[in-house]
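>>> Here's a sequence, model it:
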Amino acid sequence: MDKLHFIVNPVAGGTSAIDKFGTVKGMLDDMKVPYTYEFTQCKGHGRELARSAVEHGEKYIIAVGGDGTVNEVASALAGTGSVMGILPFGTGNDMVKVLGIPTEPREALNVILADRPRAMDAGYVNDKFFVNVSGFGFDVDVLLKHEKYKKRFRGMLPYLFGIVDALTHLRTLHLTLHDGERTWKKDALIVSVGNGAYIGGGMKATPFADPFDGLFEVSVISSISRAKFLRLLPSFIKGRHTGLPEVEYFRTKELYVECPEECLINYDGELGSGMPARYRIVPGAVNMLVPQDTAKANTEEKK
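Presented below is the predicted three-dimensional model:
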C-alpha cells in the first residue's frame, strides 16, 4: 500500500493515544512501511490537517484518537478519493464498535495494512457532519454534565456521573417531527439518529444501525416519569429498548425536527446547532478501511 499519513490527537484517551501510537510506529519501522504523522493542537485542527493532507495528495489518512478525531478527519475526507483508517485510541471509541475495528494497537494496525476500504455513509444535521450518532435531549444533558466531571475523573466515570446528574434534571421536549412521509407531534426525553449504533462509550442507542445501508435508525423515547425512565435506562444502554411501548423506533433517509425548548444537538460527541434540526444522509461518503468481515459484507451486497 502507499505511504500512511497519521493525524494524531495527543490528548486522546488521557494521553494514552501517544503511548499506543509509539507502539504502532515501532511496528511500522520494523516492517519498513513508509509513514508520516502530524499532531492536532486544538479542537477542529484534525479537520484542517486532513484537508491539507488531501490537497497534498495523501491517499491513506489515518485518524489516531477518539470519536472526535474520527469525526474531524472523516468530515474532511468525505467525497474525496482518499481512504480513511482509524486507530481507536480514545476513551469511548463508539464508532469503531459497529465497524468491528479492534482497539488493541497491533490488531488495529493490521486492519489498516490489509487495505480493505468500504464506502461508508455519513450524516448531516443542519451544517454539522457526523458519522456515528446525533441526537438531543437526555444524552446531550449527559454530555454537558460529563464535561464537569471530566476534569476530575478519567475513563468511563465522567459518563456515569454525567448520567446520574442528568437524571436529577430530567426534562421533556415537545417535538414536531417530519420524516418525508408523515408529520407528528411527540413529547420525548431522548431522540437518537444513528448512522452508527453506540453513544457515551457503549450505550446502544440505535442498535440496528448499519453505516453502509443508506438509512438512519431513529430512536425516540417518550416522556415518562423519572422512576419509569430509570427502569428503562438499562435496556437503552444494552440496546434492548426498541420494542418497548415507550419507544418509537424507525428507519429513514431524512428527518426534520422542531422543538420550542432550548435544545443543543449532539453530533459524534460534539455539541452545537440548535433547533430546528434537519437530518440528511449521504450514502458512501467516506472510504473506510474495515476488517475482513465488514469488507466481506460489502462484496456480498454487490453480488
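>>> now the strands: where do they sit in the stretch 151-300 of the chain?
For the stretch 151-300 of the chain, the strands defined by DSSP state E, counting those that start in this stretch cover 173-178, 183-194, 198-199, 203-204, 216-222, 247-252, 254-258, 265-267, 270-272, 277-289.
>>> same deal with the stretch 1-150 of the chain?
4-8, 35-39, 60-65, 83-88, 117-125, 128-130, 133-137.
>>> so how far is the fifth one from its chain's centroid?
If I follow you right, that is strand 117-125. 11 Å (Cα atoms, centre = their mean, to the nearest Å).
>>> Residue 289 contacts residue 84, correct?
Yes: using Cβ atoms under 8 Å, residue 289 is in contact with residue 84, at 6.7 Å. No exception for glycine: its C-beta is placed from N, CA and C like everyone else's.
>>> now the stretch 151-300 of the chain, which segments are flagged as low pLDDT?
By pLDDT under 70, the weakly predicted segments of the stretch 151-300 of the chain are 154-156, 295-300.
>>> any idea how far residue 224 is from residue 233?
11 Å (Cβ to Cβ, to the nearest Å).
>>> Quick check: neighbours shared by the two?
Common contacts of residue 233 and residue 224 (Cβ atoms under 8 Å, 6 or more residues apart in numbering): none found.
>>> Burial check on the closest residue to residue 94 other than its chain neighbours, number of neighbours?
Leaving aside its chain neighbours, residue 94 sits nearest to residue 198 (4.0 Å; criterion: Cβ to Cβ, 6 or more residues apart in numbering). Residue 198 has 25 neighbouring residues, counting by other Cβ atoms under 10 Å.
>>> For residue 198, which residues count as its bridge partners?
Per DSSP bridges, the residues bridged to residue 198 are residue 204.
>>> which residues sit in contact with it?
Per Cβ under 8 Å, 6+ apart, neighbours of residue 198: 92, 94, 95, 97, 98, 132, 133, 204, 205.
>>> Please report how far it lies from residue 182.
Between residue 198 and residue 182 the computed distance is 28 Å (Cβ to Cβ).
>>> Alpha carbons of the longest helix along the chain, in CSV - could you do that?
Counting by DSSP state H, the longest helix found in the chain is helix 16-31. Extracted in CSV, the C-alpha atoms of helix 16-31 (Å, rounded to 0.1, in the frame of the first residue of the first chain):
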residue,chain,number,x,y,z
SER,A,16,-2.7,7.1,26.2
ALA,A,17,-3.0,7.7,22.4
ILE,A,18,0.6,8.9,22.4
ASP,A,19,1.9,5.7,24.0
LYS,A,20,-0.1,3.4,21.7
PHE,A,21,0.9,5.4,18.7
GLY,A,22,4.5,5.0,19.7
THR,A,23,3.9,1.2,19.7
VAL,A,24,2.4,1.5,16.2
LYS,A,25,5.4,3.5,14.9
GLY,A,26,7.8,0.8,16.2
MET,A,27,5.8,-1.9,14.3
LEU,A,28,5.8,0.2,11.1
ASP,A,29,9.5,0.8,11.4
ASP,A,30,10.1,-3.0,11.8
MET,A,31,8.0,-3.7,8.7
